[in-house]
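Chemist: got a sequence here, can you build the structure:
(one chain, ligands or ions: 2)
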Amino acid sequence: MEFNGQLLKKLVDTYSPSGMEERIKDVIAEEIKDYVDEMKVDTLGNLIARKKGNGKKIMIAGHMDQIGLMITDIDEKGFLRFTNVGGISPFISLNQRVIFENGTIGVIHCEHLEDIGKMKLDKMFIDIGVSSKEEAEKQVMIGDVCVYHNSYYENENRVMTGALDDRIGCYVMIEALKQLSRTENDIYMVFTVQEEVGLRGAKTSAFGINPDIGISLDVTATGDTPKARPMAVSLDKGAAIKVKDNSLITHPKIRKIMIETAKENNIDYQFEVLEYGGTDSGAIHITREGVPSGVISIPTRYIHTSSELASKKDINSCISLLTKMLEKNIEL
Ligand code: CO
Ligand code: ZN
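Modeler: Ligands and ions are numbered 1, 2, ... in the order given. I've put the predicted structure just below:
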């Protein structure tokens, strides 16, 4: 399977913090329009692409949004104060570059602290290279959101960039759509909004679609770096079939279908138990009277930093697993 680095770079470089997914929605819609029967954008902004069929209604969800920093105050010297949109760590943010929708670039720094362990977001600020409030306000307003500034890198086996969470899930869905051969299943590919602030887009889109099955695509952590917190997931060991996270216990039937599909098609897979966090299936599975749901996770190191790292081999395994599941005649 050819790795489409050009597409992934375009996806991760598109500005799209939670609640502002307009641009990435357009990029994805343009990319998939020839592979689906219909497309719509719902009230909250979820992009819902359907490949019609008479079989089971399957909702696939991958979130389009990324974590960001929202400006709360601008001081007399033009320094910006901020709050988090999603899971922003002060330690990861220190000295990071950020970019605003209009292209303004800044660097995050911290007040002088006797104890660096006490660093919190409210002791930090963004310097956009101006010297007055007046100058700053020409570029940035209260409520504007910036994101970590990416620098995309790939080598033969790996990709390293910010926003892999969850553009890599979107990438897997797009590539699966391109590879999908005829199927009876009624497929809804949902590129969701506002996952990072509480699975909000998945909640409303799942209610609207009322699917028989829900599958999300998102990153998961690994335990394969020096003295990492013990976790069985490693890069290069294949698509991670989620068993549990804080938002979901995978439905046993869905887990079984995933394992069978992987075995039948010689797709590398591993099991994932994530002791924190969650993703869209956490909202999908408790929609209406309940929806059997699961997650195909892409093993990723350094999640929520500007250099998330994943394996091309695993990414391709995820694409194969999703494609083959969607082609299958699923009995529940
Ligand atoms: Co995330
Ligand atoms: Zn995510």
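Chemist: okay, now the domains of the chain?
Modeler: Following the assignment in automatic domain parsing, the chain carries domains at 5-66+162-327, 68-148.
Chemist: how about the residues of the protein near ligand 2?
Modeler: 165-166, 218 (Cβ under 5 Å from the ion). Using the backbone N, CA and C atoms, a C-beta is placed for each residue, glycine as well.
Chemist: mind running it again at 8 Å?
Modeler: Contacts of the chain with ligand 2, taken as Cβ under 8 Å from the ion, map to 63, 165-166, 169, 195-196, 218-219, 279, 303.
Chemist: what are the ranges of the strands in the stretch 101-250 of the chain?
Modeler: Assigned by DSSP state E, counting those that start in this stretch, the strands in the stretch 101-250 of the chain fall at 105-110, 124-127, 145-148, 153-154, 158-161, 186-192, 213-220, 239-244.
Chemist: I'd say Glu195 and Ser205 touch.
Modeler: No. Assessed by Cβ atoms under 8 Å, Glu195 is found out of contact with Ser205, at 11.1 Å.
Chemist: quickly list what's touching both of those two.
Modeler: Both Glu195 and Ser205 lack any common contact, where contact means Cβ atoms under 8 Å, 6 or more residues apart in numbering.
Chemist: what strand or helix carries Met70?
Modeler: Taking DSSP states H and E as the criterion, Met70 maps to strand 68-74.
Chemist: give the pairing partners of that strand; include direction for each.
Modeler: When sheet partners are counted by DSSP bridges, strand 68-74 sits next to strand 80-85 (antiparallel), strand 145-148 (antiparallel).
Chemist: the residues of the chain next to ligand 2, buried ones only, as a ChimeraX selection?
Modeler: Selection of buried members from the residues of the chain next to ligand 2 for ChimeraX, criterion 16 or more other Cβ atoms under 10 Å:
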select :63,165,166,169,195,196,218,219,279,303
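Chemist: and which of the residues of the chain next to ligand 2 is nearest Asp122?
Modeler: Set against Asp122, the nearest of those by Cβ to Cβ is Glu196 (19.9 Å).
Chemist: which residues sit in contact with the residue nearest to that closest one when sequence neighbours are not counted?
Modeler: Of all residues not flanking Glu196 in the chain, Gly86 sits nearest, at 3.2 Å (Cβ to Cβ, 6 or more residues apart in numbering). If a contact means Cβ under 8 Å, 6+ apart, then Gly86 has 17-18, 65-68, 196-197, 304 as its contacts.
Chemist: roughly how far apart are Ile28 and ligand 2?
Modeler: Distance of Ile28 to ligand 2, computed by Cβ to the ion, to the nearest Å: 16 Å.
Chemist: how far away is that residue from Leu7?
Modeler: 10 Å (Cβ to Cβ, to the nearest Å).
Chemist: how about Val98?
Modeler: Distance, Val98 to Leu7, by Cβ to Cβ: 24 Å.
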